[in-house]
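1. I'll drop the sequence and a predicted model, then ask my questions.
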Amino acid sequence: MSQSVSFIYAPNIIVAPGTKYVDDFEDFQKRVLSLLAEIMKANWTGLGIINLIGQTSNKKVIITPDPINGNACAEDRRNPSWGNAIEIPISVEYVKGAGKKSPGFMPDEIILHELIHAYFMHHGIKQDMALFVPPNFYYHTFGEFAAVLLTNIYMSAKGRPALRRDHTEAQLTGMCSHDEGFLILHADPNQFGYPYSQFPHERLIWNLTEQAPELIFNYFVTKTAFLIPFVII
Ligand SMILES: [Zn+2]
């Protein structure tokens, strides 16, 4: 019989069968548990997120397998029998690394992205439309901006060569793939004819530090990582 298992370093993160049948739940569970450990051990960013979630033991995050390909979603799903829990259904193919290959879609990156959403929901942090978005960037919501940004910092610290551009499957390129360009420039200075955006990313990042300082202050990553809001040397 399939059993729910808690992640040993953050027992309120649970990998459970959920309600959707998949062929090999045990394999899914094993993979997710080892990916959680990988996220935690990779760098301060991964460790920060897992630790923050683990510190609020009454706020459960339950990862379940989804047989539908291409699906990973931390919508605010609360199952009464699970108490105050956020469910994250994740495609089995994503966890196996058999899904999309664009930046941000590796198994650990998908899980981290969804954990950030779950953290936001549990802590009542703004998830609605992002205002002041630089032209040509598509985030859909402020929560997506935060999840993409923070996962990019994790990916950069991990040495992944390409970063995710926004809530699409595009890649950050050119000047915007560096800290300074990302913070203050347009998506494409050539296209717009002037280099500075009226709505730069630094404004969105400032919003994030106001809303979730405890989240941001856990992002003390190495000097080599992309976009470090705060650096400790
Ligand atoms: Zn998302």
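-> It's in.

2. which stretches of this protein form strands?
-> 5-7, 10-15, 60-66, 85-91 (DSSP state E).

3. can you list those strands in JSON lines and add mean neighbour count, mean pLDDT and distance to the ion?
-> Heads up, the C-betas are built off the backbone N, CA and C, glycines and all. Shown next, in JSON lines, are the strands of the chain (neighbours: other Cβ atoms under 10 Å; pLDDT from 0 to 100; distance: least, Cβ to the ion, whole Å):
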{"stretch": "strand 5-7", "mean neighbour count": "17", "mean pLDDT": "97", "distance to the ion": "21"}
{"stretch": "strand 10-15", "mean neighbour count": "20", "mean pLDDT": "96", "distance to the ion": "17"}
{"stretch": "strand 60-66", "mean neighbour count": "24", "mean pLDDT": "95", "distance to the ion": "14"}
{"stretch": "strand 85-91", "mean neighbour count": "23", "mean pLDDT": "94", "distance to the ion": "10"}
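
4. Make TSV from the ones you listed and add distance to Gly143 to it.
-> Shown next, in TSV, are the strands of the chain (distance: least, Cβ to Cβ, whole Å):
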stretch	distance to Gly143
strand 5-7	22
strand 10-15	19
strand 60-66	15
strand 85-91	12
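
5. Tell me which of the ones you listed approaches Pro161 most closely.
-> The closest of the strands of the chain to Pro161 is strand 85-91. By Cβ to Cβ, the value is 24.0 Å.

6. on contacts alone, who are the packing partners of the closest one?
-> Using 3 or more Cβ pairs under 8 Å, 6 or more residues apart in numbering; DSSP states H and E, the elements in contact with strand 85-91 are strand 60-66, helix 107-122.

7. Report the distance from it to the chain centre.
-> Computed by Cα atoms, centre = their mean, to the nearest Å, the separation of strand 85-91 from the middle of its chain amounts to 13 Å.

8. Kindly list the longest helix within this protein.
-> For the chain, the helix with the greatest residue count under DSSP state H is helix 25-42.

9. Wait, Trp82 touches Lys60, no?
-> Yes: applying Cβ atoms under 8 Å, one finds Trp82 in contact with Lys60, separated by 6.4 Å.

10. Show me which residues of this protein sit near the ion.
-> Proximity of the chain to the ion (Cβ under 5 Å from the ion) is limited to residues 144, 147.

11. Run through the chain and note the low-pLDDT ranges.
-> 1, 76, 80, 130-131, 185-199, 217-233 (pLDDT under 70).

12. would you list every one of the helices in it?
-> Going by DSSP H, the chain shows helices at 25-42, 44-55, 92-96, 107-122, 142-157, 179-184, 189-192, 201-211, 213-216.
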